[in-house]
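Engineer: here is my input, please return the structure:
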Amino acid sequence: MAVKAKSLAKIRNIGIMAHIDAGKTTTTERILFYTGESYKMGEVHDGNAVMDWMEQEQERGITITSAATTCYWRDLQINIIDTPGHVDFTVEVERCLRVLDGAVAVFCAVGGVEPQSETVWRQADRYHIPRIAFVNKMDRVGANFERCLEMMEDRLGAVPLAVQMPIGREDSYAGVIDLVRGVMLFFDEESQGAKVIVREISEEYSEIFTAARMALIEKLADFDDGVMEKYLEEQPIGADELDKAIGNATKRLELVPVLCGSAFKNKGVQPLLDAIVSYLPSPVEVPAIIGIDGDGHELRREPDPRGSFCALAFKMVSDSFVDNLAFVRVYSGTLRQGDKVFNASRRKQEKIGRLMRMHANKREEIKEIGAGDIATLVGLHFTVTGDTLCAKGDSIVLDSIEVPEPVISIAIEPKGKADEERLLDSLSKIAVEDPSFKVSRDEDTGQTLISGMGELHLDIIVDRLIREFKVAANVGQPQVSYKETVAATARGEGKFEQIGTGKSQYAHVWLEISPAEPGSGWCFENRIAAEAIPAEYVLAIQRGVEAGMDSGALLGYPVVDVRVALVDGSYHEEDSTEQAFGVAANIALRQASLAAGPELLEPIMALEIILPEEYLGDVINDLNAKRSQICGMDAQNNGIQVVKAHVPLAEMFGYSTGLRSATQGRANFTMQFHAYARVPDRIAAQIIKKVRGL
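Structural biologist: From the prediction side, this is the model:
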C-alpha cells in the first residue's frame, strides 16, 4: 500500500529519458510492478504498457507523450515521468526536464550512446539535472557494458562511475555485481524478478570484482576528501560512506553512477530504484527556484510547504470529461482544493476545481499538494504551458519553457461544412497541449496550415483528429517552413500621408536593414536624435517593424537574422499618429528588404544513419544527390557504420521508405533540426516560381 511521503527529503522527482527503443517504458513498467503500483507487467510490444496509454503509442510501440505516475520505494515517494525518445517529440522531454530534480538515462547495451541520447543529455545539461545511467538490454547479442562507458565519456563528455558489473553478457547474462556492497545479485525468475537473491562474490569473479571496486574508489577519491583520505591511508571504506560520496558527487553534477540490467528479463530494476533513492536529490537538495517580480527584481522561493505558493505549469492536456488538466510542479507553499491562485504570466486569477495525482491516464483525487511535489490541477481557464502560478497578491514569474520552432507544415481542410468549426476547435485544443505544434492561416490561399517538428509528429496529430476528436479532414503534402533574410545593407523610405475631411495623418520614416549573425533572429536599433521623432512614435515604428517581420518581401515567410535601424524621418505636431508611423515603418521595411537582396533560408537537419557497411556506398551516393554535407563516418563493431550528415529538410520527405528499400530494412536513422541555411539560387528560383504559381 502506498505510504505518504513524510517530508520533502522523502520525495524524488525523476524522469526516464533515452533514445527511441532503448527500453525506457519497459524499465518504467518494471518499476511500477516492483513498487506495487501495478499488479501485472505491461509490455510495449503487446500494446498494454501502462505508461503508453494512447492508441497511437500502443500501435506503434513508441512513447509519444510524457506520462506521469507516482510510486513508493523504501518509504520514499517517487514521482516519475516517462518521456518520448523520438526527436519529433523533443518538447515533451524539454518541458519535463524543466521541472525535474533528477533523471535516469537509459542506454541500450548494444547501441550505446545513440543520437537522441545525446540530445536529451544536452537538454539535461542545460537544466543542470543530476543523472544516473542504466545500461539496459544486457541480454542482447552484441551487448557491451564497457563500450557504453567509453561512449558516455567520448560523446557526452560525462564522467561515468560504474557502481555495478554485469555477471555474464548476451545469452549468459545472469545478474549484477554490486561494487559498493561487494555482493552478487540474482533475480528469481519464478517471481518475475521480484525476489532478489544476494550471494557472496564467487571465486570466478573475485579478481575482477577487486580490480573494479578499486577503480571505483580511485575515481571517487578525486571527488570526495573523506574517500581520498581513507584510500591513501589504505583504510577500509564502508558501503554507506561510498553511497554518500557517490550521491554528493552526483548531485554536484561531477559524475554519473552507471548501473546495468535487462528490464525486459526483469533483472537489475530494484538496484536501480535503490540508486534513485541514494544518489538523486530530493527537492530540498536542489537550489531554490529564482524568478522575477513585475519590476524585474529577482525573487527566490525556497522549497518550504509553509512559504508563499509558487508553481510552474509544465504540461496541459485536453480532456473530454473535465476541463483542461494542468500538470504543475510546486516549488513553494501548499495548494488546496478550491483555492484561488494568480497566474502571474497572464495576469489572471484562477480557481482550482480539483487536485489529482496521475498514474498515466488514471487519476487519484487528492486534497492538497505541497512544495516539491508534482500533481494535476483541474479548472484552469487561462493557463498554458510555461505559466507561473502563485499566491494572490504575489507577482513572481519563473523562467518559461524553451519551445523549438516547427520545421514542417501541411495544409489541412475539413471534408464538409459541418466539420469546419470542429476542426478549428480540435486544432486549438491540441495546440494548447503541444506548444511545438502551431496552427496558422495562409492569407494568400486561405488554407489552414499545421506545423510541427517532423512527419511523425504531424502524422500523429492527424490520426488524433480522426480518432480522438472525430473530425473528417483532407491533408495536403508536407511543406517546409522556409524563412527569409537579406544579403546586403539597404535603406527604404516609408511615407504615410492622409488628408481628408476627417482626421489627417502623417508619418515619414527611413529604415536601414542589414544582415545579422545566423540564428540571431532580428533586432531594432534607434539611431536618430530624441527630438527628431518623439519616443512614442519610435515605439510605434518598432511595433510596425515587428509586424513586418512576420511576412518577408520575397514570398511572405518570416524574416530572421537581420538588423533594422531607424536612421531618419519626420513628424507633424498635429497630424502624426502612432498608427501612421506603424504603417510607414511597414512600407519602409518592405522597400529596404527588396533593395537589400532578399534570400530564402531553409531548415537543415542533422542526420545520423546506422547501417551495415555493405550499403555504405549506395547511401552516401543518395545523400550526395540530396544536397547533403557529410560530416563524418564512424566504424563500429560487427561491420556497422554510422554516417553523420547535414541535409535540407526539403530533401528528406519519405526518406525512411527509401532507406529501408536501399538497405533491405537493415538501416535506421534519426534526424533533428540543426540550423537554417541559405537556399541555393537554382533551388530558390524553383521555390519562388512554385509559390507564386508561375
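
Engineer: residue 480 and residue 603: what is the separation?
Structural biologist: In this view, residue 480 and residue 603 are 7 Å apart by C-beta to C-beta, to the nearest Å. From N, CA and C alone the C-beta is placed, and that goes for glycine too.

Engineer: please read the previous query as pertaining to residue 353.
Structural biologist: 41 Å.

Engineer: and the two? which has more neighbours close in?
Structural biologist: residue 603 (21 against 14; other C-beta atoms under 10 Å).

Engineer: export the helix or strand hosting that one to PDB, keeping only CA atoms.
Structural biologist: Assigned by DSSP states H and E, residue 603 falls within strand 598-612. Extracted C-alpha coordinates of strand 598-612, given in PDB (Å, rounded to 0.1, in the frame of the first residue of the first chain):
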ATOM      1  CA  PRO A 598      16.000  39.100 -50.000                       C
ATOM      2  CA  GLU A 599      17.100  35.500 -49.700                       C
ATOM      3  CA  LEU A 600      15.300  32.300 -48.800                       C
ATOM      4  CA  LEU A 601      16.500  30.200 -45.800                       C
ATOM      5  CA  GLU A 602      15.700  26.500 -45.400                       C
ATOM      6  CA  PRO A 603      15.800  24.200 -42.300                       C
ATOM      7  CA  ILE A 604      18.900  22.000 -42.300                       C
ATOM      8  CA  MET A 605      18.600  18.700 -40.400                       C
ATOM      9  CA  ALA A 606      21.400  16.800 -38.500                       C
ATOM     10  CA  LEU A 607      21.100  13.300 -39.800                       C
ATOM     11  CA  GLU A 608      22.600  10.200 -38.300                       C
ATOM     12  CA  ILE A 609      22.300   6.800 -40.100                       C
ATOM     13  CA  ILE A 610      23.300   3.500 -38.700                       C
ATOM     14  CA  LEU A 611      23.800   0.900 -41.400                       C
ATOM     15  CA  PRO A 612      25.700  -2.300 -42.400                       C
END
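
Engineer: which strands and helices lie in contact with that strand?
Structural biologist: Helices and strands touching strand 598-612, by 3 or more C-beta pairs under 8 Å, 6 or more residues apart in numbering; DSSP states H and E, are strand 483-486, helix 616-625, strand 640-648, strand 668-678, helix 681-691.

Engineer: out of these, flag the one nearest residue 308.
Structural biologist: Nearest to residue 308, of all these, is strand 668-678, at 38.8 Å by C-beta to C-beta.

Engineer: relative orientation of the closest one and strand 640-648 in degrees?
Structural biologist: Strand 668-678 and strand 640-648 are oriented at 30 degrees to each other (axes from the mean of the first three to the mean of the last three C-alpha atoms, to 10 degrees).

Engineer: partner strands of strand 668-678, with direction?
Structural biologist: Counting by DSSP bridges, the strands paired with strand 668-678 are strand 598-612 (antiparallel).

Engineer: residue 526: neighbouring residues, count only.
Structural biologist: Residue 526: 16 neighbours (other C-beta under 10 Å).

Engineer: and if you look at residue 297?
Structural biologist: Residue 297 has 9 neighbours, counted by other C-beta under 10 Å.

Engineer: distance check, it against residue 309.
Structural biologist: Separation of residue 297 from residue 309 (C-beta to C-beta): 19 Å.

Engineer: same question for residue 516.
Structural biologist: 42 Å.

Engineer: check contacts around residue 583.
Structural biologist: 494, 496, 507, 544 (C-beta atoms under 8 Å, 6 or more residues apart in numbering).

Engineer: can you list phi and psi of it for me?
Structural biologist: When quoted as degrees, to the nearest 10, the phi and psi of residue 583 stand at phi -70, psi -40.

Engineer: list the buried residues of the strand holding residue 603.
Structural biologist: 598-611 (16 or more other C-beta atoms under 10 Å).

Engineer: now swap in stretch 660-679 and tell me
Structural biologist: Residues 662, 663, 667, 668, 669, 670, 671, 672, 673, 674, 676, 679 are the ones in stretch 660-679 that count as buried (16+ other C-beta under 10 Å).

Engineer: so the first one touches residue 616, yeah?
Structural biologist: Spelled out, it's residue 662. No - between residue 662 and residue 616 there is no contact under C-beta atoms under 8 Å: 10.9 Å.

Engineer: dump the buried residues of strand 598-612 into TSV; add pLDDT and distance to residue 592 as well.
Structural biologist: Converted to TSV, the buried residues of strand 598-612 look like this (pLDDT from 0 to 100; distance: C-beta to C-beta, whole Å):
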residue	pLDDT	distance to residue 592
598	94	10
599	94	14
600	95	18
601	94	18
602	93	23
603	90	25
604	92	27
605	88	32
606	89	34
607	88	36
608	87	41
609	88	43
610	82	47
611	84	48
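
Engineer: CSV please, covering the residues you listed and showing distance to residue 334.
Structural biologist: Output for the buried residues of strand 598-612, formatted as CSV (distance: C-beta to C-beta, whole Å):
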residue, distance to residue 334
598, 55
599, 55
600, 53
601, 49
602, 50
603, 45
604, 48
605, 46
606, 44
607, 48
608, 46
609, 51
610, 49
611, 54
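
Engineer: return the member of those residues nearest to residue 162.
Structural biologist: Nearest to residue 162 among those: residue 610, at 25.1 Å, using C-beta to C-beta.

Engineer: need the contact list for that closest one.
Structural biologist: 111, 114, 640, 641, 642, 667, 668, 669.

Engineer: so it versus residue 112, what's the distance?
Structural biologist: Taking C-beta to C-beta, one finds residue 610 at 11 Å from residue 112.

Engineer: before we move on, what about residue 248?
Structural biologist: In terms of C-beta to C-beta, residue 248 sits 28 Å off from residue 112.

Engineer: more crowded one of those two?
Structural biologist: Legend: neighbour count by other C-beta under 10 Å for residue 248 and residue 112, higher for residue 112 (24 against 16).

Engineer: nearest residue to the more buried one other than its sequence neighbours?
Structural biologist: Nearest non-adjacent residue to residue 112, counting by C-beta to C-beta, 6 or more residues apart in numbering: residue 151, 4.2 Å away.

Engineer: run a quick neighbour tally on that neighbour.
Structural biologist: Neighbours of residue 151 (other C-beta under 10 Å): 21.

Engineer: for residue 226, same thing?
Structural biologist: When neighbours are counted by other C-beta under 10 Å, residue 226 comes out with 14.

Engineer: residues contacting it?
Structural biologist: Residues in contact with residue 226 (C-beta under 8 Å, 6+ apart) are 241, 245.

Engineer: in a helix, that's where it is, yeah?
Structural biologist: Yes - residue state for residue 226 (DSSP: H, G, I helix; E, B strand; the rest coil) corresponds to a helix.

Engineer: any idea how far it is from residue 241?
Structural biologist: Taking C-beta to C-beta, one finds residue 226 at 7 Å from residue 241.

Engineer: next one: residue 142
Structural biologist: Distance from residue 142 to residue 241, by C-beta to C-beta: 37 Å.

Engineer: ok, residue 253 next?
Structural biologist: From residue 253 across to residue 241, the span is 21 Å (C-beta to C-beta).
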